[in-house]
Each structure stands twice: as C-alpha cells, then as structure tokens.
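S.K.: Model the structure of this input:
(chains A and B)
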Amino acid sequence: TQLLEQSPQFLSIQEGENLTVYCNSSSVFSSLQWYRQEPGEGPVLLVTVVTGGEVKKLKRLTFQFGDARKDSSLHITAAQPGDTGLYLCAGVRGSSNTGKLIFGQGTTLQVKP
Amino acid sequence: GAVVSQHPSWVICKSGTSVKIECRSLDFQATTMFWYRQFPKQSLMLMATSNEGSKATYEQGVEKDKFLINHASLTLSTLTVTSAHPEDSSFYICSARDHFRSTTGELFFGEGSRLTVL
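M.R.: Numbering: from 1, shown residues only, chains lettered A, B, ... in the order given. Down below sits the predicted model:
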C-alpha cells in the first residue's frame, strides 16, 4: 500500500502551459516536502510545508499543504524546458527530527520547447 | 544547504563480488543517515536507517546480510552490497538530516551511486 499517492506519474506538456501535481494520503504528516531530481543525481529540496493550509511560492512554482495536512499540490505556471525532471513529494512519519521520510511515486515531467 | 557526498558515483562489478558505497556529511554531523534505492523512472525506496554507533534499522523486505550498513562516525555511513548479482543493479542514494539547520524533517541527499553488476 502506497502511503503517499502522487499523480500524475507522467506528464508531457508544451512550453508555456500550466500544470498541477498532486500528493495525497490518508495519513497526517508532521511536514511534507517537495524535491526535484535530475537523471543520475540525488533529489534536491524545493520546499517544506508544515502548517495546514500553508501556501509557499518559489518563482513560478506554488506549493500548497492541505488543511488537514494529508495532501499537497505543486502548481507550475508557464512551464519551461528547464522544469523537466522528476518531482517527488515526501512526508515525514513520526517526529520531524527523527522520523522516516516516505516518498510518493514521483511525477516525471517533460516540457517540450 | 547541508552537503552530503557519496562515493563512488558509479561502479561496475562482476557478479559475486562485494561493493562498498560511502556517504559523508561534509559540513554537519549526522546521527542518522538513510539509504534509498531507486529503479529507473521510479521513486526512492527506503532501504534502511543508519544510526551512528548502533545497528541499522532495515525496512521490511530488505536483506540485512545482503546490504551491510555501518555508521562508524557522525559523518560517515557505508553501504556494502555483498555478493552482488545483476538484480542488485540500481541507483543507491544516501541522505542525512541536519538537526541544527532544520527542525521540519528535510533530508539532504548525496549525488547517488549507480551500481551495475555484470
């Protein structure tokens, strides 16, 4: 059973389009993170959301944490080819300081010029 | 952010040999490190939690005798794939948490190690 359901798993769009990636769970997380991974490299942290209902913006990326802290979304406005990559949501089970980080299935995004 | 370095970045070995992968936290002390495995176009699967000075905690389904983890110091954890076989070929990634810089659970990842077993 996947603890974090991420969707869609694959997305291919044209440059300039908008997109949203969803991360859903039946469990409550103390915090949730979004990472981006390039092929052959380790994931790089984009953002951490902690408070229910929290919205964070990182240039053209908008991250939202659900009110109940069970789900999150990543919205990209006017996608660019440089946004291509694997996007991973991850939630902390247990204490923020010692808990495991559990990943969703990932969303492979391809932005065509 | 905190820096985690992994070595080697890639390794090719013959079936039956053992391979050691090192993970170092360069600018912070990590009492806990995590080892993940990743197959092509898939997400990260947690293999084990590496605790400094004690035995690693393995996830269900991960063979302890196959994947030996040692966390001898606050800045170094090693993963040894023993008697490697082609099915062990994968991308292995370590990560660590810097408790002083973050209290919300983020992990900092190494660059990953691509293992190919012939």
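S.K.: alpha carbons only for contacts and neighbour counts from here, please
M.R.: OK.
S.K.: Let me know the pLDDT of A:Glu41.
M.R.: What the model reports for A:Glu41 is a pLDDT of 91.
S.K.: Quick check: closest non-adjacent residue to it.
M.R.: B:Glu111 (4.9 Å; CA to CA, 6 or more residues apart in numbering or on different chains).
S.K.: try A:Arg36
M.R.: Going by CA to CA, 6+ apart, A:Arg36 has A:Tyr87 as its nearest residue, at 4.6 Å.
S.K.: mind listing what the helix or strand where that neighbour lies pairs with, with the direction of each?
M.R.: Under the criterion DSSP states H and E, the helix or strand holding A:Tyr87 is strand A:85-93. In the sheet, strand A:85-93 lines up against strand A:32-37 (antiparallel), strand A:100-103 (antiparallel), strand A:107-112 (antiparallel) (DSSP bridges).
S.K.: Measure how the helix or strand following the first one sits relative to strand A:85-93, angle-wise.
M.R.: Spelled out, that is strand A:32-37. Per DSSP H and E, the first helix or strand lying C-terminal to strand A:32-37 is strand A:44-49. Put simply, strand A:44-49 runs at 50 degrees to strand A:85-93, going by axes from the mean of the first three to the mean of the last three CA atoms, to 10 degrees.
S.K.: and strand A:44-49, what other elements does it pack with?
M.R.: Counting contacts by 3 or more CA pairs under 8 Å, 6 or more residues apart in numbering or on different chains; DSSP states H and E, strand A:44-49 is packed against strand A:32-37, strand A:55-58, strand A:61-65, strand B:108-109.
S.K.: Swap in 10 Å and give it another go.
M.R.: On a contact count with 3 or more CA pairs under 10 Å, 6 or more residues apart in numbering or on different chains; DSSP states H and E, strand A:44-49 meets strand A:32-37, strand A:55-58, strand A:61-65, strand A:85-93, strand B:108-109.
S.K.: Direction included, what does it pair up with?
M.R.: According to DSSP bridges, strand A:44-49 has the following sheet partners: strand A:32-37 (antiparallel).
S.K.: out of the helices and strands packed on strand A:44-49, which comes closest to A:Gly16?
M.R.: The closest of these to A:Gly16 is strand A:61-65. By CA to CA, the value is 13.2 Å.
S.K.: pretty sure the residue nearest to A:Arg36 contacts A:Val47?
M.R.: No - applying CA atoms under 10 Å as the test, A:Tyr87 and A:Val47 come out as separate, 11.6 Å apart.
S.K.: which of the two has more neighbours?
M.R.: A:Tyr87 (25 against 18; other CA atoms under 10 Å in any protein chain shown).
S.K.: could you list every residue that touches that one?
M.R.: Contact analysis of A:Tyr87 by CA atoms under 10 Å, 6 or more residues apart in numbering or on different chains lists A:6, A:9, A:21, A:34-38, A:43-44, A:46, A:74, A:104-109, B:43.
S.K.: joint contacts of A:Tyr87 and A:Val47?
M.R.: Between them, A:Tyr87 and A:Val47 share the contacting residues A:34-36, judged by CA under 10 Å, 6+ apart.
S.K.: So what's the residue count around A:Pro113?
M.R.: 11.
S.K.: State the distance from it to A:Gln37.
M.R.: Between A:Pro113 and A:Gln37 the computed distance is 20 Å (CA to CA, to the nearest Å).
S.K.: Report the secondary structure state of the residue located most distally from the centre of chain B.
M.R.: In chain B, counting by CA atoms, centre = their mean, B:Thr103 sits farthest out from the average C-alpha position, at 22.0 Å. Of the three states, B:Thr103 takes coil under DSSP: H, G, I helix; E, B strand; the rest coil.
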